[in-house]
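K.L.:
Sequence isn't available, so here's the structure alone:
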């Protein structure tokens, strides 16, 4: 199984993903690591990515999902997957790829982003992330206002893990 934690930047995908993967003994991957340098430069300069910018990145994430499934490797992947079309592309095998939406309001996420350092994503892009976000309807949704441990426990309950 591959669990993709999705949501806007600052929602806690990496924090929750690492914790979830560690508890399950699974691999963890951060899809941000697969962004081309040009995308990272744009985001660090508060320039929103276009669908065209995301195309090669999404292809790389899809290849990672496919490789995990082909090798029988269970994994957690932190990936914004903001649009339905992106999620459809990443759902290589809908029976084996599960999305979890880490949902939170902008004020909370702004506070989190202001407190973090060393990430290429400019906090000035948060509004564009919310503007791009197509909230999923048929997926597990978890409120990020809870503590990471509680979020992980909720995800495990929803997935029967």
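P.N.:
Structure received. This one's a predicted model, so the numbers in the text were calculated from it and none came from an experiment.
K.L.:
Count the residues that sit near residue 91.
P.N.:
Here the number of neighbours of residue 91 (other CB atoms under 10 Å) works out to 18. (Glycine included, C-beta is placed from N, CA and C.)
K.L.:
show me the residues around it that make contact.
P.N.:
Contacts here follow CB atoms under 8 Å, 6 or more residues apart in numbering; on that basis residue 91 touches 97, 99.
K.L.:
at 10 Å instead, please
P.N.:
By CB atoms under 10 Å, 6 or more residues apart in numbering, residue 91 lies in contact with 2, 4, 62, 65, 81, 97, 98, 99.
K.L.:
Tell me the buried residues within the residues you listed.
P.N.:
Buried members of these, counted by 16 or more other CB atoms under 10 Å: 2, 4, 65, 81, 97, 98, 99.
K.L.:
Name the nearest residue to residue 6, ignoring sequence neighbours.
P.N.:
Closest residue to residue 6 apart from its sequence neighbours, by CB to CB, 6 or more residues apart in numbering: residue 81 at 3.9 Å.
K.L.:
tell me the SS of the one you found?
P.N.:
Here residue 81 is coil, with the state taken from DSSP: H, G, I helix; E, B strand; the rest coil.
K.L.:
Wait, residue 11 touches residue 108, no?
P.N.:
Yes. Under the criterion of CB atoms under 10 Å, residue 11 makes contact with residue 108 at 9.1 Å.
K.L.:
Sweet, I'm off.
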